Every structure is written in structure tokens, then in C-alpha cells.
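Participant: return atomic coordinates for the entry below.
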Amino acid sequence: MEIDKILIMLLRFDGNDANFLSAESRRKFERLIILLMRVKYNIRYCDSLECNCQPETSIRELLEDENLAQFLKGYELERFAPKEKNLYELLQNIHN
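Facilitator: Prediction:
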């Protein structure tokens with residue numbers, strides 16, 4: 001699944017379904033969108049793919065929030081990405 005489709009899905013949730021998240025999880029949801037844009041446009045602070053400053057690392061850290069994880073697991077992706085079961089699983093495996 002290309003990153004544009006993921007971003008469109010998340011932006012559709014923003015202002016609608018995402019309103020049911022706690023304030024902290026909501027901030028993490030918004031941060032997730034920003035980090036995905038960094039992946040899309042390859043905005044990085046260093047060249048090391050193992051570095052903690054990489055957006056993929058930050059995305060995985062955000063997914064540790066139980067409320068955000070449950071929210072993302074609620075969206076099945078069969079027609080978009082058959083390999084992944086839901087948006088949460090897709091984001092866990094994201095890479096550039």
C-alpha cells in the first residue's frame with residue numbers, strides 16, 4: 001500500500017473518528033500523520049537507518065500507545081492491503 005493511501009485514510013479519520021481518542025492519544029495520532037509525511041518525502045536528520053531519529057522508529061514508538069493501537073486496529077484493510085489485516089499492522093511494518 002502506498003503511503004498516500006495511508007495518509008488519506010488517516011486524514012479521513014481526523015476530525016471524525018479520531019475525536020473519540022483521549023487528548024494524549026489524539027496528539028499522538030496527529031504526530032503519526034506528520035511522521036508519515038516525513039517518510040513520504042524522505043525528510044531525515046541523518047543517513048543511518050538504524051538511528052532513533054528516523055520517522056519509522058518514532059512511528060513504532062507511537063504505536064505503543066494502547067488507545068491509539070486499538071483505534072487503528074479497528075480499521076480493516078482487505079481491499080487496500082491484503083497482506084496486512086488492519087491499519088495498525090500496516091504501520092508496524094512501514095519502511096521507506
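Participant: list the buried residues for the lengthiest helix in the chain?
Facilitator: Ranked by residue count, the top helix of the chain under DSSP state H comes out as helix 23-40. The neighbour-count criterion (16 or more other Cβ atoms under 10 Å) identifies Ser25, Arg26, Lys28, Phe29, Leu32, Leu35, Leu36, Arg38, Val39 as the buried residues of helix 23-40. Bear in mind the C-beta positions are built from the backbone N, C-alpha and C, glycine included.
Participant: how far off centre is that helix?
Facilitator: 7 Å (Cα atoms, centre = their mean, to the nearest Å).
Participant: dump the buried residues of helix 23-40 to JSON lines, plus pLDDT and distance to Ile6.
Facilitator: Rendered in JSON lines, the data for the buried residues of helix 23-40 read as follows (pLDDT from 0 to 100; distance: Cβ to Cβ, whole Å):
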{"residue": "Ser25", "pLDDT": "91", "distance to Ile6": "18"}
{"residue": "Arg26", "pLDDT": "91", "distance to Ile6": "18"}
{"residue": "Lys28", "pLDDT": "94", "distance to Ile6": "16"}
{"residue": "Phe29", "pLDDT": "92", "distance to Ile6": "13"}
{"residue": "Leu32", "pLDDT": "93", "distance to Ile6": "10"}
{"residue": "Leu35", "pLDDT": "94", "distance to Ile6": "11"}
{"residue": "Leu36", "pLDDT": "92", "distance to Ile6": "6"}
{"residue": "Arg38", "pLDDT": "93", "distance to Ile6": "13"}
{"residue": "Val39", "pLDDT": "90", "distance to Ile6": "9"}
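Participant: identify, from those, the entry nearest to Phe13.
Facilitator: Distance from Phe13 was checked for each of the buried residues of helix 23-40 by Cβ to Cβ. The minimum falls on Phe29, at 7.7 Å.
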